[in-house]
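[1] Sequence below, structure please.
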Amino acid sequence: MGTDEVKLRLDKWLWAARFFKTRSMASVAVSGGKVHCNGQRVKPARIVQIGDALRIKRGILEMTVIVKGVSGQRRSAKEAAELYLETEESLSTRERQREERRLLRSIHDNAHPVGRPTKRDRRLIHDFTRNDSD
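    Residues are numbered from 1 along each chain as shown. Prediction:
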């Protein structure tokens, strides 16, 4: 973990904290407005400081984290998780969204049959379409 004297770019911190797989992906996300620091859109070269509030959007997931430590080295996931603290409202929002997606997925999976029709299904379809055209 780092101290207050360590100066580190935002894109490098995001990479070290394992929010993005590569530093270039982190840089593109910051440049594209997917990462905000203290409520403002920032550039990848912005210096990260302890206590900064970051809002990070990756796909459909959005997290709000507080920077607890600064490290320029990519370490294990356990050590990387010590670099930040996710806010309570962010955790509850992500959990609620995960539950909503799970429910929608289960509804969707049950609504549509999976795979090809069986021989019986094909006969029924064929009979239905043949009788419909007469």
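[2] which stretch of helix or strand covers residue 57?
    Element membership of residue 57, judged by DSSP states H and E, is strand 53-58.
[3] same question, residue 131
    helix 119-133.
[4] And for residue 93?
    Residue 93 belongs to helix 88-111, assigned by DSSP H and E.
[5] With just CA atoms, put that helix into PDB.
    The C-alpha trace of helix 88-111 is given here as PDB (Å, rounded to 0.1, in the frame of the first residue of the first chain):
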ATOM      1  CA  GLU A  88     -22.700   1.400   1.100                       C
ATOM      2  CA  GLU A  89     -25.200   2.900  -1.400                       C
ATOM      3  CA  SER A  90     -23.100   1.600  -4.300                       C
ATOM      4  CA  LEU A  91     -23.100  -1.900  -2.800                       C
ATOM      5  CA  SER A  92     -26.900  -1.900  -2.200                       C
ATOM      6  CA  THR A  93     -27.500  -0.600  -5.700                       C
ATOM      7  CA  ARG A  94     -25.300  -3.200  -7.400                       C
ATOM      8  CA  GLU A  95     -27.000  -6.000  -5.300                       C
ATOM      9  CA  ARG A  96     -30.500  -4.700  -6.300                       C
ATOM     10  CA  GLN A  97     -29.500  -4.600 -10.000                       C
ATOM     11  CA  ARG A  98     -28.000  -8.100  -9.800                       C
ATOM     12  CA  GLU A  99     -31.200  -9.500  -8.400                       C
ATOM     13  CA  GLU A 100     -33.300  -7.700 -11.100                       C
ATOM     14  CA  ARG A 101     -31.100  -9.100 -13.800                       C
ATOM     15  CA  ARG A 102     -31.300 -12.600 -12.300                       C
ATOM     16  CA  LEU A 103     -35.100 -12.400 -12.200                       C
ATOM     17  CA  LEU A 104     -35.300 -11.100 -15.800                       C
ATOM     18  CA  ARG A 105     -33.000 -13.900 -16.900                       C
ATOM     19  CA  SER A 106     -35.100 -16.600 -15.300                       C
ATOM     20  CA  ILE A 107     -38.300 -15.200 -16.800                       C
ATOM     21  CA  HIS A 108     -36.600 -15.000 -20.200                       C
ATOM     22  CA  ASP A 109     -35.200 -18.600 -20.000                       C
ATOM     23  CA  ASN A 110     -38.600 -20.000 -19.100                       C
ATOM     24  CA  ALA A 111     -40.400 -18.100 -21.900                       C
END
